[in-house]
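# next come a sequence and a model predicted from it.
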Amino acid sequence: MSHSKRTDFQIEQQIFLGGQVSNKLPDFKDMARLSPDYAEIYMFLKKMDEIDKMKDEEMILAIIELFGEIDFVRNCSELTKLSMIMGDTRGRYNVKGVIDELRKTGSSPEP
């Protein structure tokens, strides 16, 4: 199987992952909706007061963690990022049904 082809299961997993991550860690919703460069600036400014109150070692660890989270989002698929933005919406639609409908109309489920 080619790396560019995704199975229905892989698509469902990407959507599930993004929704679960942003539900448990809401900052990921903010990061996913911005380009990674702007996400770094936005999240750093958003957490600046919290980071300023930390000791030097804690501050460094917090900044590394923040940049790691942004890098994680940068490497997620577009479906996962969209799911992070929207949250877990699995109860409102059927992924397989949407994919089947797209195939009938000749559209591709690939981003």
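All right, it came through fine.
# neighbours of Gly19, how many?
21 (other C-beta atoms under 10 Å). From N, CA and C alone the C-beta is placed, and that goes for glycine too.
# element containing it?
Counting by DSSP states H and E, the element that carries Gly19 is helix 8-24.
# what lies in contact with the following helix or strand past that helix?
For helix 8-24, the following helix or strand on the C-terminal side (DSSP H and E) is helix 27-32. Helix 27-32 has contacts (C-beta atoms under 8 Å, 6 or more residues apart in numbering) with 18, 21-22, 39, 42-43, 46, 69-70, 73, 76, 81-82, 84-85, 87.
# which strands and helices sit next to the helix or strand following helix 27-32?
Proceeding N to C from helix 27-32, the next assigned helix or strand is helix 36-46, under DSSP H and E. When contacts are defined as 3 or more C-beta pairs under 8 Å, 6 or more residues apart in numbering; DSSP states H and E, helix 36-46 packs onto helix 27-32, helix 56-74.
# can you pull the contacts of the residue most central in space within the chain?
Among the residues of the chain, the one closest to the centroid is Lys81, at 3.4 Å (C-alpha atoms, centre = their mean). Going by C-beta under 8 Å, 6+ apart, Lys81 touches 18, 32, 73.
# just read off the phi/psi values of the closest residue to the first one other than its chain neighbours.
Right, the one you point to is Gly18. In this structure, Gly18 finds its nearest non-sequential neighbour in Ser83, 2.9 Å apart by C-beta to C-beta, 6 or more residues apart in numbering. Main-chain torsions, Ser83, degrees, to the nearest 10: phi -70, psi -40.
# for Ser83, list the residues it contacts.
14-19, 22, 89.
# mind redoing it with 7 Å?
Contact analysis of Ser83 by C-beta atoms under 7 Å, 6 or more residues apart in numbering lists 14-15, 18-19.
# now, of the contacts of helix 27-32, which are buried?
Buried subset of the contacts of helix 27-32 (neighbour count, 16 or more other C-beta atoms under 10 Å): 18, 21-22, 39, 42-43, 69-70, 73, 76, 81-82, 84-85.
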